[in-house]
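Undergrad: Sharing a sequence plus its predicted fold:
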Amino acid sequence: MGSSLDRPARVGLITDQTGPLSFMGIANANVARMVVDDINERGGLLGRPVEWIVKDDQSKPDLARTLYEQLITADKVDLLMGPYATGAILSAMGVAQRYNKVLVHHTFGIPSLAKYEMQFPAWSLGSDPATTVPNTLFDALAAGPKPPKMVAVVTNKFPSIQFMTAGAREVMKKRGLQEVLFLEWDFGNRDFGPIAARIKDAKPDFVWVGAIGLDGNLLLDAMKKIDYEPPQHFYLYPAPGPLVSLPEAKNALAVTIFEDQPPFTSNPGAAEFVKLYHERATKAGLADPSVETQAAASYTAWQILEAGVNATKSLDDKAIATWLKANRVDTIQGKLRFNGPGNYGDDLMRIKQVQNGHWVVVWPKEVTSGGAKLQAN
Amino acid sequence: MPGFTLPSATLLAQSVLSGIFVGALYGLMGLGLSLSWGLLRIINLAHFAFAFLAAYICYQLASHGVDPLLTLVGIVPAFFLLGVLLHWLMARFRMTTFNSLLLTFGLMGIVEAVIQTIWTADFRKLESAYANQKFKLGALFFPVPELITLVLAVSLALSIWAVLRYTDLGRALRAAAEDPAVAAAFGVDQRRNGLLLAGTCAALVSIAGVCIALTATLAPSQMYAWIGVVFAAVMLGGLGSAIGPLVAGLLIGVSEAVTMAVTAPSWAPIVSFTLLIVVLVFRPGKAA
């Protein structure tokens, strides 16, 4: 009978392969497949080949909880990789805590809810993004060609979106901006016609859209149908591929932690990752094979986990967690730290904009794409 | 109500228009479902999957340069055959109404998986010449894809109504739904008529699918988002009715849109289900 060192190191991952969040889940699975192949080509983790077990939570947080439990108790995985989306991550966190497992997760949107000491975020949005991210955005707008005064705030009620929008409203108030419209809709809303008509009626000079997934496209479609073009517009977490391909999305703003362009691709390993991801995503038939926040956060999560294992030379969760808290990790987002509140480090969220059919980073100045500047319609 | 505002006349009128357009799609989606449920006693959840399968096929053909409306020439007969095949299978195994619900729910999952395998879970948007076309009347805008949907929904509902009302086939179908034994005694070929109607229902929903492709961005899981509101339209409109789902769809669409225009959009979904509950409470026979 062989020792445990002879068998592969098992990593368990739950991701949304089906259901309304699957458009992002497939990016995670794509990255995981790519990273595991890469690690195995480099000799594996601590000399052991990596075997990854992926399960589909169908975009349901309650199912994510059950499946993580299965990964630990039935599949006997050595390490966990976190899921995508706040609800599923929160579910996974509870299971990880019960079994004292390290949980590196992809895109958790409400850091104040991350109470477990062995969870580590791969999405570097800081510990108070509801304040810092809107401030970054309004700094960018204030330095732009048409600093806004009257803002329409429209938002999906998806929890992490609602949380950020609430923060943005507070920031707006403190900055003396006038809120001319505030609307909320439920996740899965089909008819954006009346919302577009109300925005047009409110005559804002800036529209904050608490968007997730397709909301931005649907709203812009509805705006086009009534011949309305917002003067300046921001979409919180849009599906980036579909949005950038829409002509009406001209000058649309969004946030990002990584884009497949300099200076981001100058970070160690980033250019290689971008090239490989593009190849794999194209081969997998994805409509949008470009690297952005989701794929980048997913890749970063694997970098964090691998760094912890290699540095401690073990698969011991406690040792990995202790090391991660005390050290910075080199990732494609830069050097990340985990010693802030809730193990969060710095807010590295940047502002990007659709210009000439491409996403370009326009703020802060030191990371802009070739000196690109914010534009208004 | 939270955030209630008095809308301008233009905003209100544009919202009503938006409600009419989306309501027409509810009605078109509900037409085949209502006929299948009311006349064949089959609750076909795969109806929604067929709509999206047709939408994706339309998207695929259109991305190769075929006019989206021309795709109907191939899609409608293909889905007619699919509907016939499904009904033949269900008749072969003497499916009860409840079992048809379970079977078609499973089929819906299978079709979703097939769609995801072929087109992935990524969003797909049909870019057509119709997308940017619209008419302006005063301050109001009439987008062409939505107008096409409205025209198709109204003309198909009226045509089906006329067939059911004035033809021997229609009378036979209604008689078989009312009392199969007596209808059989009068020589009604229920097997043949059932296959014909099931094929028609699938063909109708494929037309709805093409309208979805024209007006919306596609993702496999979105088929589930339509179930609640289309069921509400079918039940409000009356099972087996051709005109009912359209009228109910328009009522729901307009009520939702006006709700969104005057108060928080998140209140809109409450409207359709409140309407349904009211009808079930005060006119229970209407949705039986």
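TA: Received it, and whenever you're ready, just let me know what you need.

Undergrad: Surely A:L183 is within a strand?
TA: Yes: assessed with DSSP: H, G, I helix; E, B strand; the rest coil, A:L183 lies in a strand.

Undergrad: where along the stretch 151-288 of chain B do the helices fall?
TA: Along the stretch 151-288 of chain B, counting by DSSP state H, counting those that start in this stretch, helices occupy B:168-178, B:180-185, B:190-215, B:227-237, B:244-262, B:268-282.

Undergrad: Which stretches in chain A count as strands?
TA: Listed in chain order, the strands found in chain A under DSSP state E are A:9-15, A:50-56, A:79-81, A:103-105, A:119-121, A:150-156, A:178-185, A:206-213, A:233-238, A:252-256, A:329-331, A:334-336, A:350-355, A:358-363.

Undergrad: For A:I199, which of those is the nearest?
TA: Of all the strands of chain A, strand A:150-156 sits nearest to A:I199, with 5.1 Å by Cβ to Cβ. For the C-beta atoms, the positions are set from N, CA and C on the backbone; glycine is no exception.

Undergrad: I'd like the average pLDDT over that closest one.
TA: Averaged over strand A:150-156, pLDDT sits at 97.

Undergrad: residues making contact with that strand?
TA: Residues outside strand A:150-156 that contact it (Cβ atoms under 8 Å, 6 or more residues apart in numbering or on different chains): A:161-162, A:165, A:168-169, A:172, A:177-187, A:189, A:195, A:199, A:202-212, A:215, A:219, A:236.

Undergrad: Put the buried members of the residues you listed into a ChimeraX selection.
TA: Selection of buried members from these for ChimeraX, criterion 16 or more other Cβ atoms under 10 Å in any protein chain shown:
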select /A:161,162,165,168,169,172,177,179,180,181,182,183,184,185,187,189,195,199,202,204,205,206,207,208,209,210,211,212,215,219,236
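
Undergrad: According to the record, where do the domains of chain A fall?
TA: Chain A resolves into domains spanning A:9-125+A:262-343, A:129-256+A:350-367 when parsed by automatic domain parsing.

Undergrad: Among these, which comes closest to B:R191?
TA: That would be domain A:9-125+A:262-343 among the domains of chain A, by Cβ to Cβ, at 36.8 Å.

Undergrad: end-to-end on that closest one?
TA: Using Cα to Cα, to the nearest Å, the end-to-end distance of domain A:9-125+A:262-343 comes to 26 Å.

Undergrad: near chain B at all, that domain?
TA: Yes: using Cβ under 8 Å from any Cβ of the partner chain, domain A:9-125+A:262-343 reaches chain B at A:17-20, A:22-23, A:25-26, A:59, A:284-288.

Undergrad: got a winner among those for most neighbours?
TA: Among those, A:G25 has the most neighbours (other Cβ atoms under 10 Å in any protein chain shown), with 29 neighbours.

Undergrad: what's that one in contact with, if anything?
TA: Residues in contact with A:G25, defined by Cβ under 8 Å, 6+ apart, are A:15-17, A:19, A:56, A:59, A:84, B:121.

Undergrad: Looking at the residues you listed, which is nearest A:L246?
TA: Distances from A:L246 to the contacts of A:G25, taken by Cβ to Cβ, are shortest for B:A121, at 19.1 Å.

Undergrad: for that closest one, helix, strand, or coil?
TA: With three-state DSSP as the basis, B:A121 sits in coil.

Undergrad: Next, give phi and psi for whichever residue of chain B sits closest to chain A.
TA: Chain A sits closest to B:S18 of chain B, with a gap of 2.8 Å, by Cβ to the nearest Cβ. Dihedral angles of B:S18 (phi, psi; degrees, to the nearest 10) stand at phi -60, psi -40.

Undergrad: now swap in A:N267 and tell me
TA: According to degrees, to the nearest 10, A:N267 has phi -60, psi 150.

Undergrad: how about the nearest residue to it, chain neighbours excluded?
TA: Closest residue in space to A:N267, ignoring its immediate chain neighbours: A:I332 at 5.0 Å, by Cβ to Cβ, 6 or more residues apart in numbering or on different chains.

Undergrad: Likewise for B:Y59?
TA: In space, B:Y59 is closest to B:L126, 4.7 Å off (Cβ to Cβ, 6+ apart).

Undergrad: can you pull the contacts of that neighbour?
TA: Listed by Cβ under 8 Å, 6+ apart, the contact partners of B:L126 are B:58-59, B:62-63, B:68, B:213-214, B:218.

Undergrad: can you name the two of the residues you listed that are farthest apart?
TA: B:S63 and B:L214, at 13.4 Å, using Cβ to Cβ across the contacts of B:L126.

Undergrad: So for the two, which residue has more residues nearby?
TA: Taking neighbours as other Cβ under 10 Å, B:S63 and B:L214 compare with B:L214 leading, 24 against 13.

Undergrad: which residues of the stretch 101-250 of chain A fall in helices?
TA: A:129-142, A:159-174, A:193-202, A:215-225, A:240-244.

Undergrad: try the stretch 251-377 of chain A
TA: With DSSP H, counting those that start in this stretch as the criterion, the stretch 251-377 of chain A has helices at A:270-283, A:293-312, A:317-326.

Undergrad: and residue 21, what are its phi and psi?
TA: Went with chain A since none was named. Dihedral pair for A:L21: phi -100, psi 10, per degrees, to the nearest 10.

Undergrad: Over to B:R92?
TA: Per degrees, to the nearest 10, the backbone of B:R92 is at phi -60, psi -40.

Undergrad: would you list the helices of the stretch 151-288 of chain B in a markdown table and tack on mean pLDDT and distance to A:P341?
TA: Formatted as a markdown table, the helices of the stretch 151-288 of chain B follow (pLDDT from 0 to 100; distance: least, Cβ to Cβ, whole Å):
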| stretch | mean pLDDT | distance to A:P341 |
| --- | --- | --- |
| helix B:168-178 | 88 | 65 |
| helix B:180-185 | 84 | 69 |
| helix B:190-215 | 94 | 45 |
| helix B:227-237 | 92 | 40 |
| helix B:244-262 | 93 | 38 |
| helix B:268-282 | 82 | 37 |
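
Undergrad: Tell me which of the ones you listed lies nearest to A:V11.
TA: Nearest to A:V11, of these and by Cβ to Cβ, is helix B:227-237 at 36.4 Å.

Undergrad: contact partners of the closest one?
TA: Residues outside helix B:227-237 that contact it (Cβ under 8 Å, 6+ apart): A:190, B:26-27, B:29-30, B:33-34, B:37, B:45, B:48, B:243-249, B:251-252, B:269, B:272-273, B:275-276, B:279-280, B:286-287.

Undergrad: ok, back up a step: for burial, what's the neighbour tally of the residue nearest to A:N267?
TA: 24.

Undergrad: about what we covered before: got a PyMOL select line for the buried ones in the contacts of B:L126?
TA: Of the contacts of B:L126, the buried ones go into a single PyMOL selection, burial set by 16+ other Cβ under 10 Å:
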select buried, chain B and resi 58+59+62+68+213+214+218
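
Undergrad: Within range of chain A, give me the residues from the stretch 1-150 of chain B.
TA: Counting by Cβ under 8 Å from any Cβ, the stretch 1-150 of chain B sits next to chain A at B:3, B:7-8, B:10-11, B:14-15, B:17-19, B:21-22, B:112-113, B:116, B:119-125, B:132, B:134, B:136, B:141, B:143, B:146.

Undergrad: Only the buried subset of these, as a ChimeraX command please.
TA: Per 16+ other Cβ under 10 Å, the buried members of the residues of the stretch 1-150 of chain B next to chain A correspond to this ChimeraX selection:
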select /B:7,11,14,15,17,18,19,21,22,112,116,119,120,121,122,123,124,125,134,141,143,146
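
Undergrad: among the residues of the stretch 1-150 of chain B next to chain A, which are in helices?
TA: B:10-11, B:14-15, B:17-19, B:21-22, B:112-113, B:116, B:119, B:146 (DSSP state H).
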